[in-house]
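1. Sequence and predicted structure, then a few things I'm wondering about:
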Amino acid sequence: MGRVPHKRHTQFRQPDGRLYSEQLFSTEGFSNDHTLLYHVHPPTEIIGTDKPVSVAPAIAEEKMLKHRSFEGFRVAPTNDFLESRKAILVNNDCHISLAAPRESMRDYFYKNADADELLFVHEGKGKLLTQYGELAFGYGDYLLIPRGTIYQVQFGTAENRLFIVESFTPIRYPKRYLSRYGQLLEHAPYCERDIRVPQSLRTVDEAGDFLIRTKKKGVLYGLHYAHHPFDVVGWAGCCYPMAFSIHDFEPITGRVHQPPPVHQTFEANNFVVCSFCPRMYDYHPEAVPAPYNHSNIDSDELLYYVDGDFMSRKHVTRGMLTLHPAGIPHGPHPGAVEKSIGKKETGELAVMVDTFHLLMITEEALKIEDPGYTMSWAE
């Protein structure tokens with residue numbers, strides 16, 4: 001996108017004869033995806049720093065073995081984007097947060113130096129502004145932002161709800177959906193044309209004092225730069241933010257109930273992200289549409305309810321989260337199995353995160369917990 005030289009690492013000059021400043025944005029130590037960006041000014045001109053502030057989540061429970069439920073919409077709206085982000089469940093592979101920001105980011109930019117970010121937009125709309133261009137977003141969008149990306153979120157409404165996954169390893173397409181050369185295969189539930197890439201690259205050549213709040217190892221650093229970070233005239237590569245709508249996920253169905261991996265949307269080391277979307281139910285004449293009881297022997301299962309009717313559970317609310325830890329079985333509520341027989345379709349919409357290491361519960365999570373959930377199967 002934009003203007004780039006014919007060959008990488010060669011002279012690329014501005015109209016006044018000065019060189020543009022080339023920046024290699026790479027992952028996994030120059031051994032994986034990368035992008036080359038071309039700046040009007042060097043992206044290294046730090047003119048000041050602020051006192052670091054700890055934003056590490058406060059752990060309330062490191063170990064537990066019982067089903068839990070949390071009311072996500074009880075997280076109170078907050079004006080500032082970063083202050084609104086409340087870590088709910090965490091481990092060494094990922095942090096899962098909820099956010100209800102009211103206002104756009106105007107006075108600073110943000111960079112997560114540790115983690116890829118996956119922002120799921122439950123309510124609200126707006127634009128993600130980056131060095132790569134703009135991504136418009138709305139209800140049901142996943143925004144995948146590679147670690148190290150400098151961005152601002154510009155909301156078009158004051159009513160916004162986000163479900164956020166921070167991953168300390170790259171978030172990617174599931175390997176089984178890809179050809180050996182990287183194309184999404186025919187059996188994948190989405191394809192390249194469903195992926196939205198940045199548009200409207202706008203080069204901002206401004207001098208001043210530009211604050212980039214940067215998170216590293218649970219600490220937020222304020223770094224002040226002499227030029228606007230969006231001074232990019234062009235870029236080329238395979239590492240950039242993108243958007244994918246959950247409404248473009250094509251569910252895989254069968255004659256009998258399909259296992260959760262058919263809903264997989266993204267993967268990272270030690271966890272996966274799945275999308276449960278409106279779909280036709282199983283069509284064997286004696287099929288039981290309700291999910292069977294199952295034991296998560298190797299993974300914790302977190303389900304974030306977005307919209308629609310959930311045949312397997314009673315008393316589901318929008319923004320509700322259920323955590324079913326590894327080691328004990330879970331399944332439909334009493335009466336849900338019989339009630340499901342004969343149903344032809346479901347309108348449920350949900351995001352699931354399965355982690356292969358246990359999730360720890362934060363103090364923020366305890367503030368929104370439903371204490372009666374653990375015994376709800378005994379109703």
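-> That came through, no problem. Remember, it's a predicted structure, so these values are computed and weren't measured experimentally.
2. how close does residue 368 get to residue 318?
-> Counting by Cβ to Cβ, to the nearest Å, the gap from residue 368 to residue 318 is 13 Å. (Each C-beta comes from the backbone N, C-alpha and C, glycine too.)
3. go on, residue 181?
-> In this view, residue 181 and residue 318 are 41 Å apart by Cβ to Cβ.
4. same deal with residue 241?
-> Distance from residue 241 to residue 318, by Cβ to Cβ: 27 Å.
5. Residue 368 and residue 318: which has the busier surroundings?
-> For residue 368 versus residue 318, neighbours defined as other Cβ atoms under 10 Å are more numerous around residue 368 (20 against 16).
6. per-residue pLDDT, that one?
-> Listed pLDDT for residue 368 reads 97.
7. Check the one 4 residues further on too.
-> According to the per-residue confidence, residue 372 scores 87 in pLDDT.
8. Do a quick rundown of the helices in the stretch 1-150 of the chain.
-> Under the criterion DSSP state H, counting those that start in this stretch, the stretch 1-150 of the chain contains helices at 81-84.
9. any low-confidence regions in it?
-> The stretch 1-150 of the chain contains no residues with pLDDT under 70.
10. May I have the distance across stretch 13-23, first residue to last?
-> 14 Å (Cα to Cα, to the nearest Å).
11. Buried residues, it. List them.
-> Buried residues in stretch 13-23, counted by 16 or more other Cβ atoms under 10 Å: 20, 21, 22, 23.
12. Now do it: everything it contacts.
-> 8-9, 11-12, 36-43, 233 (Cβ atoms under 8 Å, 6 or more residues apart in numbering).
13. low pLDDT regions in the stretch 201-350 of the chain?
-> Under the criterion pLDDT under 70, the flagged ranges of the stretch 201-350 of the chain are 310-314.
14. ok, the residue nearest to residue 226 when sequence neighbours are not counted - how many residues close by?
-> Distances taken as Cβ to Cβ, 6 or more residues apart in numbering place residue 45 nearest to residue 226, at 4.1 Å, with adjacent residues excluded. Number of residues near residue 45 (other Cβ under 10 Å) recorded here: 13.
15. Who are the contact partners of residue 45?
-> 225, 226, 227.
16. circling back to that earlier point, between the contacts of stretch 13-23, which is closest to residue 186?
-> Closest to residue 186 out of these is residue 36 (32.0 Å), distances taken as Cβ to Cβ.
17. From residue 283, how far out is residue 273?
-> From residue 273 to residue 283 the distance is 27 Å (Cβ to Cβ).
18. Looking at those two, which has the bigger crowd around it?
-> Set residue 273 next to residue 283 and count neighbours by other Cβ under 10 Å: residue 273 wins out with 23 against 12.
19. is the more buried one in a bridge, and if so with what?
-> residue 266, residue 353 (DSSP bridges).
20. Touching, it and residue 263? I think so.
-> No. Counting by Cβ atoms under 8 Å, residue 273 sits too far from residue 263 to count as a contact (9.4 Å).
21. Overlap of the contact sets of these two?
-> By Cβ under 8 Å, 6+ apart, residue 273 and residue 263 have these common neighbours: residue 352.
22. Please list the members of the contacts of residue 45 that lie in strands.
-> 225, 226, 227 (DSSP state E).
23. Residue 210 is in contact with the last one, correct?
-> Yes. Using Cβ under 8 Å, residue 227 makes contact with residue 210 at a distance of 6.9 Å.
24. Pull out the buried members of the contacts of stretch 13-23.
-> 12, 36, 37, 38, 39, 40, 41, 43, 233.
25. Widest-spaced pair of those?
-> Put simply, by Cβ to Cβ the two of these set farthest apart are 36 and 41, 16.2 Å from each other.
26. Which stretches in the stretch 201-350 of the chain count as strands?
-> The residue ranges that make up the strands of the stretch 201-350 of the chain, judged by DSSP state E, counting those that start in this stretch, are 207-216, 219-227, 232-237, 242-245, 264-268, 271-276, 279-280, 294-295, 300-307, 320-324, 329-330, 345-346, 349-355.
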